[in-house]
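> Make a model of this:
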Amino acid sequence: MVDNKQSLLFLTHQLNTIIRMLQRYFQLTEHKTTVKTEIIAGITTFMTMAYILAVNPDILAQAGMDKHAVFSATAIASIIATLVMAFVARLPFALAPGMGLNAFFAYTVVLGMGHSWQFALTAVFLEGIIFLLLTLFNIRELIVNAIPLNLKHAISAGIGLFIAFIGLHNSGIVVAHPATLITLGDISSPAVLIALSGLILAGVLSILKIKGALLISIFTITLAGIPLGITQLPEGNYISAPPSIMPVAFQLNFHEIFTADMLIVLLTFMFVDMFDTVGTLVGVASKADMLDKNGKLPRAKQALFADAIGTTVGALLGTSTVTTYVESASGVSEGGRTGMTALTVALMFGIALFAAPLFLMVPAAATAPVLIIIGVFMFSSITKIDFSDFSETIPVFLTISMMPFTYSIAEGIVFGIISYVLLKLFSGKGKEVSVVSYILAILFILKFFMN
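Model (predicted):
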């Protein structure tokens, strides 16, 4: 009995020591946050992005890859990249294989262009190496810092509309329509009704400033969906050993790296990943007041290093491009401000490796309301924008509107930068534009003509 008591005291002491170390390392006091807040933020972020563990293997399996092996590769690559974000950048952002990029991998490169999935993985690997070099020489950080402050706030607002639209679509509240493009879904359906209930619940809890409001909403709607058949309980064991990654790991093919197709594929991967990541970092950081007085993101280089490492390692493990997730906004909205939020996400991915069925039972109806609430949270950055100058507000409007309309953060940034440079230039305010912005605008315009 005495031995058990001493063991418990020893474990408690060790746990308290670890907590104090984490508090000092992540500077929780300086960032006006706590261990509890950071953990809740991390779990919330993970729950809103856990769908990638199911979706990414499904998409890459259509390219001929082993679905179970891709599941493990997805989780491990996410863990590694997010740990780098946690301990090197010390920022509350999570990373995983990016949606859109995985679709380009499977449907365009493999099924459309007829290349092997090994060819596509090689392109992703080369992209990661190039990004490591660009990050090392501060080129990516230079691009982040070159975005005008009003456009940075616009990116945040645009992401808000974008992820709210994703939530509305995932829940069935809005659906595709051949004549009007989108229209209202079947409000009487159980999935839509429970999603709307989740929206009210998450909204009320947020208004009342309940800690963990979004996470509580996810769990409540998941449980409520069981008797309605919306939440599908997994069959068999909830806990099992993760599948082997060997069917897809280290399957690179360098025989075609000097071909025109490889160049096109590589440039496409690089463009989308570059500006999706930049947009997410800038947009979420702007909303969380993490930008400094000059509108720069502290430790941006380290943050960009995390996604470069994730992409490189992910390609070796057997998954598509790893990028910073816009769902990180859910953790920030719960108060996450440091790398401890990212550390929590990485730990959750680790747990998911062994308990995938438990996490994958969460339905879209439970996470969609959270995405809509985050959209509100992000869109409020619009109040920081100066609308008195049309040479600023037109690019701001295009940045915000083109993200949901083109279903791409990157394209929103493209339209914002090009319009910003051209309007400033032709209205006699060209001196207000940085050299880097001019270069970006030229590259973006060339991209349109090269497509």
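> Can you tell me which residue is spatially central in this structure?
Of all residues in the chain, the one closest to the mean position by C-alpha atoms, centre = their mean is residue 325, 0.7 Å from it.
> now residue 430: how far from residue 441?
For residue 430, the distance to residue 441 (C-beta to C-beta, to the nearest Å) stands at 11 Å. (Each C-beta comes from the backbone N, C-alpha and C, glycine too.)
> and the helix or strand where residue 419 lies, what's its mean pLDDT?
Assigned by DSSP states H and E, residue 419 belongs to helix 409-426. Per-region confidence: helix 409-426 scores 90 on mean pLDDT.
> please begin residue numbering at 57 from this point
Done: numbering now begins at 57, and the last item shifts to helix 465-482.
> Would you mind pulling up the elements that that helix packs against?
Applying 3 or more C-beta pairs under 8 Å, 6 or more residues apart in numbering; DSSP states H and E, one finds that helix 465-482 contacts helix 205-227, helix 316-343, helix 446-462, helix 491-506.
> what about 6 Å?
Judged by 3 or more C-beta pairs under 6 Å, 6 or more residues apart in numbering; DSSP states H and E, the packing partners of helix 465-482 are helix 316-343, helix 446-462, helix 491-506.
> ok, residue 337 - contacts?
If you count contacts by C-beta atoms under 6 Å, 6 or more residues apart in numbering, residue 337 has them with 359, 380.
> next one: the helix or strand of the chain with the lowest mean pLDDT to chain centre, how far?
Ranked by mean pLDDT, DSSP states H and E, the weakest helix or strand in the chain is helix 412-416, scoring a mean of 74. Once both centres are worked out by C-alpha atoms, centre = their mean, to the nearest Å, helix 412-416 turns out to sit 20 Å from its chain's centre.
> and what of stretch 117-129?
Here stretch 117-129 is found 21 Å from its chain centre; the criterion is C-alpha atoms, centre = their mean.
> distance between the ends of that stretch?
Start and end residues of stretch 117-129 are separated by 13 Å (C-alpha to C-alpha, to the nearest Å).
> Just the buried positions in the helix holding residue 475, please.
Across helix 465-482, burial judged by 16 or more other C-beta atoms under 10 Å covers 465-481.
> how big is the angle separating that helix from helix 316-343?
Between helix 465-482 and helix 316-343, the angle formed by their directions is 80 degrees, by axes from the mean of the first three to the mean of the last three C-alpha atoms, to 10 degrees.
> What mean pLDDT does stretch 445-457 get?
For stretch 445-457, mean pLDDT is 93.
> how far out from the middle of the chain is it?
24 Å.
> Same question for stretch 290-297.
Computed by C-alpha atoms, centre = their mean, the chain-centroid distance of stretch 290-297 equals 27 Å.
> Same question for stretch 339-346.
A distance of 14 Å separates the centroid of the chain from that of stretch 339-346, by C-alpha atoms, centre = their mean.
> Show me where the protein has its strands.
With DSSP state E as the criterion, the chain has strands at 151-153, 230-233, 237-240, 378-380.
> can you tell me which of these comes nearest to residue 299?
When those are compared by C-beta to C-beta, strand 151-153 sits nearest residue 299, at 16.0 Å.
> list the helices and strands that closest one packs on?
Using 3+ C-beta pairs under 6 Å, 6+ apart: strand 151-153 touches helix 123-140, strand 378-380.
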